[in-house]
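Asker: sequence and predicted structure, then a few things I'm wondering about:
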Amino acid sequence: MTRRLLFNAFVMNTTSHIHHGQWRRPDAHQHDFNDVRLWIDLAKTLEDAKFDSLFFADVSGLYGDSDADYSVYVREGLQIPSNDPTVLVAALATHTSDIGLAVTSNVFQQHPANFARQIATLDHISGGRIAWNIVTGTQDNGYRNFGFRALEDHDERYRWADEYVDVTYKLWEGSWDDGALRRDKDAGIHADPDKIHKIFHRGERYEVEGPFLPSPSPQRTPLLFQAGSSGPGRAFAARNAEAVFLIAPSPEIAKQQIDETRALAVAAGRRADDITFHQGLSFVIGDTEQEAREKFEEYQRFASSDGYAAHMAVVGPDGRVYPADTPIAETATNTAHGFLDHLRAHITDREPTVGDLSLQRLRDTVVVGTPEQIADRLEQWQRAGVDGINVINWVIPGSFEEFAAKVIPVLRERGLAQTEYAPGTLRRKLFGDDRLSDRHPASAYRGAFGARDAGELPVAN
């Protein structure tokens, strides 16, 4: 039986997200990112095409050297200016009914109790269609924007994330029992106090008493995305993620990461299929192969080498950016560990350089061809274990409109794309249930707080 692929539209509420320079094209409208109507129309287009989700990336600061001139980012529109996706998604939720809405939020950018409340509110507004992409940050400037001196050590960032998600799980899953919200007008009981609990979290970074203010949303915990590809990132994903975002340079390297993460998930008490894997790819589509190649040449004419280089800059422990000709073996960095590992695995006939990172992004994650050739290539990724595709645009809305009109029909003929949405929440559409499985660590907090003395302050798990 053919297994369908999942499709997410990968975007950011900014002008230049991944493919830098393309906003200058006459058919590009991503520079109108402040106009909510652009995003409402895009969300409707994607829902008509039966995309599984609209996935918003986000950052909390500038890339590169925090003490250096940042004019390249401003000139290129490279993720500055950018807006908060959690606010935008609230608007999109009221104009759609089925498509998932995924937001990226960094563990340092706000307190977990407030973030949990925002997400629960969005899940209520959307009828259970919210996903959270859990990130730990890669920019010194982002950390400085929130009062920290510099980017935390790579492994320490994941320890931070462990406690952060622990707080949110306690609030989402444990503070309210099922049936606590009664709204019984005849009895005069709005909610049952015996079923609403304080969580008394005390950890290294946070103390949260509770109870959680929102009542349980349709999913309680949002669908959980994660994009870490380093060793600690994979271990975190194995424990927590339901969907992992990949930017692997080949199906073979993707398979290595997928197999390793699934094995780690099993070791953590989960099932291998509790996690789906989503590869990021861009598409250049032509009615003939020659037309597609000519279109790609046109795309490359608008490409900004400065933008790609600035986006993929490798920053050393001293905060300085390595020159493009620096061999990867001579770098030491607190960021981009997974990308560098992928690069070493992909370029084996010579020592890869820092400059190869941006070239790899443009070359190895772009599929050029007819709709049939693109479908063939997606089947290769699927055979490697990939469950879904994060479709990366060149222009908004044209890249998604063209993919929906030309590639989706071919995929449907092969059973690789859905023709209708399944009913229910985003998690039910993808996994068959509204709630996290009992194998997920968050499930341990269901019913865990009812018998606790109000004076007890247990240490965080």
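Answerer: Perfect, I can see it now.
Asker: what about the strands in this protein?
Answerer: Assigned by DSSP state E, the strands in the chain fall at 6-11, 53-56, 100-106, 130-135, 181-184, 189-191, 201-202, 207-208, 223-226, 243-246, 276-285, 366-369, 388-392.
Asker: between those strands, which gets nearest to Thr168?
Answerer: Thr168 lies closest to strand 130-135 among the strands of the chain, at 8.5 Å (C-beta to C-beta). C-betas here are computed from N, CA, C, even on glycine.
Asker: on that earlier part again, got the strands of the chain as a markdown table, with mean neighbour count columns?
Answerer: Shown next, in a markdown table, are the strands of the chain (neighbours: other C-beta atoms under 10 Å):
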| stretch | mean neighbour count |
| --- | --- |
| strand 6-11 | 25 |
| strand 53-56 | 27 |
| strand 100-106 | 25 |
| strand 130-135 | 25 |
| strand 181-184 | 12 |
| strand 189-191 | 12 |
| strand 201-202 | 18 |
| strand 207-208 | 17 |
| strand 223-226 | 26 |
| strand 243-246 | 27 |
| strand 276-285 | 22 |
| strand 366-369 | 19 |
| strand 388-392 | 24 |
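Asker: any low-confidence regions in the stretch 351-461 of the chain?
Answerer: 351-352, 354-363, 451-461 (pLDDT under 70).
Asker: the same query, at a cut-off of 80, please.
Answerer: 351-364, 451-461 (pLDDT under 80).
Asker: so which residues of it form helices?
Answerer: Along the stretch 351-461 of the chain, counting by DSSP state H, counting those that start in this stretch, helices occupy 355-364, 371-383, 398-402, 408-413, 426-431.
Asker: buried stuff in the second one?
Answerer: By neighbour count on 16 or more other C-beta atoms under 10 Å, the buried set for helix 371-383 is Pro371, Gln373, Ile374, Ala375, Arg377, Leu378, Glu379, Trp381, Gln382.
Asker: what ranges of the stretch 101-250 of the chain fall below the confidence cut-off?
Answerer: In the stretch 101-250 of the chain, residues with pLDDT under 80: 228-229.
Asker: contacting residues for the residue nearest to Ala375 when sequence neighbours are not counted?
Answerer: Nearest non-adjacent residue to Ala375, counting by C-beta to C-beta, 6 or more residues apart in numbering: Val410, 4.9 Å away. Taking C-beta atoms under 8 Å, 6 or more residues apart in numbering, we find Val410 in contact with Pro371, Glu372, Ile374, Ala375.
Asker: which of the residues you listed sit farthest apart?
Answerer: Using C-beta to C-beta, the contacts of Val410 span at most 7.3 Å, a distance reached by Glu372 and Ile374.
Asker: can you pull the pLDDT of Glu330?
Answerer: Here the pLDDT value assigned to Glu330 is 57.
Asker: shouldn't Leu181 be in contact with Ser215?
Answerer: Yes. Using C-beta atoms under 8 Å, Leu181 makes contact with Ser215 at a distance of 4.4 Å.
Asker: mutual contacts of these two, please.
Answerer: In contact with both Leu181 and Ser215: Ala191, using C-beta under 8 Å, 6+ apart.
Asker: surely Trp23 meets His31?
Answerer: Yes. In this structure, Trp23 is within contact of His31 by C-beta under 8 Å, at 4.9 Å.
Asker: overlap in contacts of those two?
Answerer: Counting by C-beta under 8 Å, 6+ apart, the contacts common to Trp23 and His31 are Thr15, Gly77.
Asker: which of the two has more residues huddled nearby?
Answerer: Neighbours of Trp23 and His31, each counted by other C-beta atoms under 10 Å, are more numerous for Trp23; the result is 24 against 15.
Asker: list the contacts of the more buried one.
Answerer: Contacts of Trp23 (C-beta under 8 Å, 6+ apart): Thr15, Ser16, Gln30, His31, Gly77, Val395.
Asker: which one of those sits closest to Leu264?
Answerer: Ser16 (34.8 Å).
Asker: tell me the pLDDT of the residue lying closest to Leu92 once chain neighbours are set aside.
Answerer: Nearest non-adjacent residue to Leu92, counting by C-beta to C-beta, 6+ apart: Ala43, 4.6 Å away. pLDDT, Ala43: 98.
Asker: ok, now the one 3 residues further on?
Answerer: For Leu46, the model assigns a pLDDT of 98.
Asker: now it: how far from His17?
Answerer: 16 Å (C-beta to C-beta, to the nearest Å).
Asker: check which residues of stretch 411-423 are buried.
Answerer: Using 16+ other C-beta under 10 Å as the test for burial, stretch 411-423 gives Leu411, Leu416, Ala417, Gln418.
Asker: the second one against Thr2, yeah?
Answerer: Yes. Distance between Leu416 and Thr2: 6.8 Å, which falls inside the contact criterion (C-beta under 8 Å).
Asker: please tell me the pLDDT value assigned to Pro327.
Answerer: At Pro327, pLDDT is 70.
Asker: picking that back up, what's the closest of the strands of the chain to Ser305?
Answerer: Using C-beta to C-beta, the strands of the chain put strand 366-369 closest to Ser305, at 15.6 Å.
Asker: can you give me the offset of the closest one from its chain's centre?
Answerer: Taking the mean of its C-alpha atoms, strand 366-369 sits 23 Å from the chain's own mean (C-alpha atoms, centre = their mean, to the nearest Å).
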